[in-house]
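# have a look at this fold, sequence not included:
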């Protein structure tokens with residue numbers, strides 16, 4: 001019975017080590033690291049956009065609408081407080097972030113297309129016109145005649 005327990009523990013230990021090695025390969029792969037960097041930068045970008053909305057855009061919109069402070073807009077329903085001003089700020093925040101990401105993705109797609117076209121142009125051999133083909137043949141024949149003389 002003791003030998004069976006030792007063998008069983010050893011199998012579990014091997015499976016654990018194998019799983020740990022697979023996890024290391026997964027975590028070190030470029031896609032996971034890129035994703036982590038994207039999430040961190042996205043969080044920082046979200047803070048910047050929130051500050052832009054809360055500290056610059058919404059006060060200006062409030063001034064245009066007669067000095068309204070959106071952050072204080074709310075309804076009182078019994079003991080509950082519905083803060084619709086904060087919701088409006090969050091919606092504006094989302095729209096700015098979504099538009100910024102749209103512009104960024106559009107820029108990346110343009111760059112990708114430009115690189116793709118450049119690679120296609122490099123890969124394709126230039127097609128010769130009939131005149132160019134004939135001139136190439138004449139050149140090759142002249143070269144052969146010189147070599148035979």
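Right, received. Where do you want to start? As the structure is a computational prediction, the values presented were derived from the model and not from experiment.
# only C-alpha atoms for contact and neighbour calcs from this point on.
Noted.
# buried residues in whichever helix in the chain runs longest?
Scanning the chain for the longest helix, with DSSP state H as the assignment, gives helix 84-123. Neighbour-count burial for helix 84-123, counted by 16 or more other C-alpha atoms under 10 Å, picks out 85, 86, 89, 92, 93, 94, 96, 97.
# can I assume the fifth one is in contact with residue 56?
No. Counting by C-alpha atoms under 8 Å, residue 93 stays clear of residue 56, with 11.5 Å between them.
# returning to that earlier point: could I get the buried residues of helix 84-123 as TSV with distance to residue 76 and pLDDT?
Below are these laid out as TSV (distance: C-alpha to C-alpha, whole Å; pLDDT from 0 to 100):
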residue	distance to residue 76	pLDDT
85	13	88
86	14	87
89	19	82
92	23	84
93	24	82
94	25	85
96	29	85
97	30	82
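# dump those residues to JSON lines, plus distance to residue 111.
Shown next, in JSON lines, are the buried residues of helix 84-123 (distance: C-alpha to C-alpha, whole Å):
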{"residue": "85", "distance to residue 111": "39"}
{"residue": "86", "distance to residue 111": "37"}
{"residue": "89", "distance to residue 111": "33"}
{"residue": "92", "distance to residue 111": "29"}
{"residue": "93", "distance to residue 111": "27"}
{"residue": "94", "distance to residue 111": "26"}
{"residue": "96", "distance to residue 111": "23"}
{"residue": "97", "distance to residue 111": "21"}
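# pull the most distant pair out of those.
Across these, the longest distance by C-alpha to C-alpha is 18.4 Å; it joins 85 and 97.
# circling back to that earlier point, give the next helix or strand downstream of the longest helix of the chain.
helix 130-148 (DSSP states H and E).
# what packs against that next one?
The contact analysis (3 or more C-alpha pairs under 8 Å, 6 or more residues apart in numbering; DSSP states H and E) places helix 130-148 against no helix or strand.
# gap between it and the chain center?
Averaging C-alpha positions (C-alpha atoms, centre = their mean, to the nearest Å) puts helix 130-148 53 Å from its chain's average.
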